[in-house]
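Generate a structure from the sequence data that follows.
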Amino acid sequence: MTTEDGRPKRERRMSLGGHLKELRRRLMIAVIALLVGMIVSFILTDYVIEFLIRPIEIVRDELGDDFTRLTYQNITGAFDMRLRISFALGIVLSAPVWLWQVWAFVMPGLRRREIGYTIGFMAAAIPLFFGGCVVALMLMPNIIRIMSEFVPAEAFASQIYEARSYYDFVLKLVVIVGIAFVLPVFLVALNLAGVVRGKTIVRGWRIAVIVCLVFGMLASPPADMITMLILSAILFALYMGAGLVSLLFDRRKRKKNPELFVDF
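Numbering: from 1, shown residues only. I've put the predicted structure just below:
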């Protein structure tokens, strides 16, 4: 049920104290979900670690160097890394809960159309984010292998990976690529908000190529041209996809309000 202006009928004016209580309740639910996700993730850390060190095992087999391995530099290093992994994975596992809490806190202030757009954005952004994470993980063995080729072939040189630095590199790459895959959704959002037209997005393909190449260069090791080109190509494809979707939305809006698309 909604009111005449399209807002949810259950919406009521709430005092500042009421908003703070509601926010506290939502935060408590999100924190509890995160803790549960961390507990589950801590149980699964053996499988996660086995998956993450697979690129190192591939490099070790190719180099034939038994000293190529993951190392911990202090007594609590292994336990600390399990906590870090469980925290990161816990955020992912609890994402449906805390995303819903954020949505439920904001939703009463949105119109019906805005609610529909928001649900659509979330439905597109979440798969794109996880898709970016998967792409980053698929590229990891190639990154490790290419970087290992710069290790001198002499007997005194071995590739030893410090656990904290290795996991930080992997997790940062996964998160950065995942977020980058979501950025085209914001372009569509700007189009729906009337900030930018689809024609403008498509016409900016030259700048997009440069930006995608720069991002691919920054997100990948300096000597890894293959990873850079793959990331750049995928990001550019997503950019053009956002442009085409925006053109479709513009076409629909032009039929309803042609006066808004008069070029002076």
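
Could you pull out the buried residues of stretch 120-134?
121, 124, 125, 128, 129, 131, 132, 133 (16 or more other CB atoms under 10 Å). Placement of C-beta: from N, CA and C, glycine included.

Show only the entries of those residues found in helices.
Secondary structure defined by DSSP state H assigns 121, 124, 125, 128, 129, 131, 132, 133 of those to helices.

Make JSON lines from those residues and add distance to residue 178 to it.
Shown next, in JSON lines, are those (distance: CB to CB, whole Å):
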{"residue": "121", "distance to residue 178": "16"}
{"residue": "124", "distance to residue 178": "14"}
{"residue": "125", "distance to residue 178": "10"}
{"residue": "128", "distance to residue 178": "8"}
{"residue": "129", "distance to residue 178": "5"}
{"residue": "131", "distance to residue 178": "8"}
{"residue": "132", "distance to residue 178": "4"}
{"residue": "133", "distance to residue 178": "4"}
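
Which single one of those is nearest to residue 39?
residue 133 (21.5 Å; CB to CB).

can you pull the contacts of that closest one?
With contact set as CB atoms under 8 Å, 6 or more residues apart in numbering, residue 133 has these partners: 174, 175, 177, 178.

could you pull out the helices for this structure?
Under DSSP H, the chain gives helices at 16-43, 45-52, 54-63, 77-93, 95-106, 112-148, 163-192, 198-203, 205-219, 225-256.

what's the closest of the buried residues of stretch 120-134 to residue 194?
The closest of the buried residues of stretch 120-134, once distances to residue 194 are taken by CB to CB, is residue 121, at 15.8 Å.

my read: the closest one touches residue 185, true?
Yes - with contact defined as CB atoms under 8 Å, residue 121 reaches residue 185; the gap is 5.7 Å.

so where's the stretch 51-200 of the chain uncertain?
Low-confidence segments of the stretch 51-200 of the chain, defined by pLDDT under 70: 63-67, 103-104, 106-115, 117, 151-158.

okay, now the closest residue to residue 83 other than its chain neighbours: neighbour count?
Nearest-residue entry for residue 83: residue 42, 7.6 Å, with adjacent residues in sequence omitted and distances by CB to CB, 6 or more residues apart in numbering. Neighbour count of residue 42, defined by other CB atoms under 10 Å: 17.

what's the answer for residue 138, then?
Count around residue 138 with other CB under 10 Å applied: 10.

related to what we said a few turns ago, and which of the ones in helices among the buried residues of stretch 120-134 is nearest to residue 218?
Closest to residue 218, out of all of those and judged by CB to CB, is residue 132, at 15.0 Å.

Please give me every residue in contact with the residue nearest in space to the middle of the chain.
A centroid search over the chain (CA atoms, centre = their mean) returns residue 178, at 2.6 Å, as the residue closest to the centre. Listed by CB under 8 Å, 6+ apart, the contact partners of residue 178 are 129, 130, 131, 132, 133, 136.

Contacts only, for the closest residue to the fourth one other than its chain neighbours.
Which is residue 132. In this structure, residue 132 finds its nearest non-sequential neighbour in residue 181, 3.3 Å apart by CB to CB, 6+ apart. Residue 181 makes contact with 128, 129, 131, 132, 135, 234, 235, 238, according to CB under 8 Å, 6+ apart.
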